[in-house]
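Novice: Structure, please.
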Amino acid sequence: MADTLKQRRQFRNIHITQIVAYRLPLAGMVSILHRISGVLLFLLMPFIIWMFDASVSSEISFDVFRSAFAAGVGFIPGWFLKLVALALIWAYLHHLIAGVRHLWMDATHAVTKEFGQSSAIVTLALSVLLTLALGYKLFF
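Specialist: Below you'll find the model as predicted:
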């Protein structure tokens, strides 16, 4: 009996210096990216509001909006605004898909390692593929 207790794995907290070497499971990465995308959406809310306001207020403001993405605004070049918009597209899509994943796991109690791994792969693949498709539309 004593030998069995000694052979059991012990789980302990990792030290801050071990974070780089720690291999986080894919489901954990999706969870962290879900939080990062939520923070990104929150922090870029003024830019989102500006884009919405400029694109729907009038035809003149829509032309200003389009020219901002083509030529830039002040010292900020247009390609940088497009990159920020692309980051927002990714953040929105990833946050939406990961949120649906979490809701599905909560509603169906499908909390297994296998489902977590497969749904994390689907979440990452869908968010990246949709971002690439919309990014192609944005840049070309």
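
Novice: contacts and neighbour counts: CA atoms only from here.
Specialist: OK.

Novice: Verify the contact between residue 56 and residue 62 for me.
Specialist: Yes - counting by Cα atoms under 8 Å, residue 56 does reach residue 62; the two are 6.6 Å apart.

Novice: So for the two, which residue has more residues nearby?
Specialist: Higher neighbour count among residue 56 and residue 62: residue 62, with 17 against 12, using other Cα atoms under 10 Å.

Novice: immediately after the helix or strand that contains the more buried one, which helix or strand?
Specialist: Assigned by DSSP states H and E, residue 62 belongs to helix 59-71. Sequence order places helix 78-108 as the next helix or strand after helix 59-71, per DSSP H and E.

Novice: Now do that next one: which elements does it pack against?
Specialist: Other helices and strands packing on helix 78-108, by 3 or more Cα pairs under 8 Å, 6 or more residues apart in numbering; DSSP states H and E, are helix 26-43, helix 59-71, helix 113-139.

Novice: Find out how far that helix is from the centre of the chain, if you would.
Specialist: On the basis of Cα atoms, centre = their mean, to the nearest Å, helix 78-108 sits 5 Å off its chain's mean C-alpha point.

Novice: tell me which residues in it are buried?
Specialist: In terms of neighbour count (16 or more other Cα atoms under 10 Å), helix 78-108 has its buried residues at 78, 81-82, 85-98, 101-102, 105.
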